[in-house]
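Colleague: Need coordinates for the following:
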Amino acid sequence: MPPRSEDHSNSLWVFGYGSLCWRPGFEYGDSVIGHIKGFSRKFWQGNTTHRGTPEKPGVVATLIEDRNGGVTYGVAFQLINEAALDYLNNREVALGGYISHITMFQPRDKSRLPMPVLLYVATPSNQHWIGDATADHIANQVVESRGEAGHNVEYVLKLAEWIRKNLPEVVDDHLFNIEKAVRTKIDQKSLCLVSLMGQSHLDSDHHAIEGPEVVPDDESGNGSETKSKSGFSTTQLKPKCIRCVKV
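Modeller: Residues are numbered from 1 along each chain as shown. Here you go, the predicted structure:
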């Protein structure tokens, strides 16, 4: 089937390759799974707001120019209002240290035409840059970091889970090696995966989580919802509400 004609002249699309894949955080119109060429996803960027603090920076993904066959899979979102673009510029540029870039996106659905997308990428000149490191070194930093959006462990594991669920044919060695190292650190330190992944986490097919029990502090069973300066809504529950098991 030949690609169908689509008019993207009045639409702005953004390419998500990190936590935007599973939690965009803004209103959007259409969303399309696919890939871009000429870039590789690397966990070479630090973060002091969403997934870490200035004292304990987290580690998040960026895109590195790779003209030798580099391909990065993710999802393109159609922006439908200025609020979404303002949110992204604050989250990625003002707080994250990224810069914007435009490239072509190829939908996985071959009936759809390629289209230009907005990217947010980090460069070595920004203050949060970490650069190349071993999976073990990155994992050590990940398991020690938490920010306004949640624990750094959640960022890594949910991205890996999203890739496996939506793009089972894709093997991202860099991401999957870091995921494996993070899971090893969690086991070695006897950490609670339930609390690291946040209250919204559902058991994946890869690691079963036994018996998390949530006991409400009040009759309604609701926690208090707050919104951080970076725009994330979070539900706060007291630590004693959760009974964790070793995984």
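
Colleague: Could you list the low-pLDDT ranges of this protein?
Modeller: 1-10, 199-247 (pLDDT under 70).

Colleague: Show me where this protein has its strands.
Modeller: 12-16, 28-37, 39-47, 58-65, 71-79, 99-107, 115-121, 146-147, 150-151, 213-214, 224-227, 233-236, 242-243 (DSSP state E).

Colleague: Tell me which of the ones you listed lies nearest to residue 194.
Modeller: Checking the strands of the chain against residue 194 by Cβ to Cβ gives strand 242-243 as the closest, at 6.4 Å. Every residue, glycine included, has its C-beta placed from N, CA and C.

Colleague: related to what we said a few turns ago, looking at the strands of the chain, spot the one closest to residue 92.
Modeller: Here strand 115-121 is closest among these (Cβ to Cβ), at 3.9 Å.

Colleague: For the closest one, list every residue counted as buried.
Modeller: Within strand 115-121, the residues that count as buried by 16 or more other Cβ atoms under 10 Å are 115, 117, 118, 119, 120, 121.

Colleague: Equivalent analysis for stretch 49-68, please.
Modeller: Buried residues in stretch 49-68, counted by 16+ other Cβ under 10 Å: 49, 50, 51, 52, 57, 58, 59, 60, 61, 62, 63, 64.

Colleague: residues touching the third one, list them.
Modeller: Neighbouring residues of residue 51 by Cβ atoms under 8 Å, 6 or more residues apart in numbering: 58, 59, 60, 145, 146, 147, 149, 150, 151, 152, 155.

Colleague: what's the answer for residue 176, then?
Modeller: residue 160.

Colleague: Equivalent analysis for residue 155, please.
Modeller: 18, 19, 50, 51, 58, 60, 142, 149.

Colleague: same thing with residue 107?
Modeller: Taking Cβ under 8 Å, 6+ apart as the test, what residue 107 contacts is 32, 33, 34, 76, 113, 114, 115.

Colleague: which among those residues end up buried?
Modeller: Applying 16+ other Cβ under 10 Å to the contacts of residue 107 flags 32, 34, 76, 115 as buried.

Colleague: For the first one, which residues count as its bridge partners?
Modeller: So that's residue 32. Beta-bridge pairing of residue 32 under DSSP bridges involves residue 76.

Colleague: ranges for the helices of this protein?
Modeller: Per DSSP state H, the chain carries helices over the ranges 82-88, 135-143, 152-166, 173-188, 193-197.

Colleague: Tabulate those (CSV), appending distance to residue 44.
Modeller: Compiled in CSV, the helices of the chain are given as follows (distance: least, Cβ to Cβ, whole Å):
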stretch, distance to residue 44
helix 82-88, 20
helix 135-143, 9
helix 152-166, 14
helix 173-188, 10
helix 193-197, 22
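
Colleague: Out of those, which is closest to residue 39?
Modeller: Using Cβ to Cβ, the helices of the chain put helix 173-188 closest to residue 39, at 12.4 Å.

Colleague: May I see the buried residues of the closest one?
Modeller: Across helix 173-188, burial judged by 16+ other Cβ under 10 Å covers 174, 175, 177, 178, 179, 181, 182, 183, 185, 186.

Colleague: wait, the second one sits on residue 158?
Modeller: Looking back up the chat, that one is residue 175. No - using Cβ atoms under 8 Å as the test, residue 175 is too far from residue 158 to be in contact (11.3 Å).

Colleague: could you check the distance from residue 127 over to residue 98?
Modeller: 12 Å (Cβ to Cβ, to the nearest Å).
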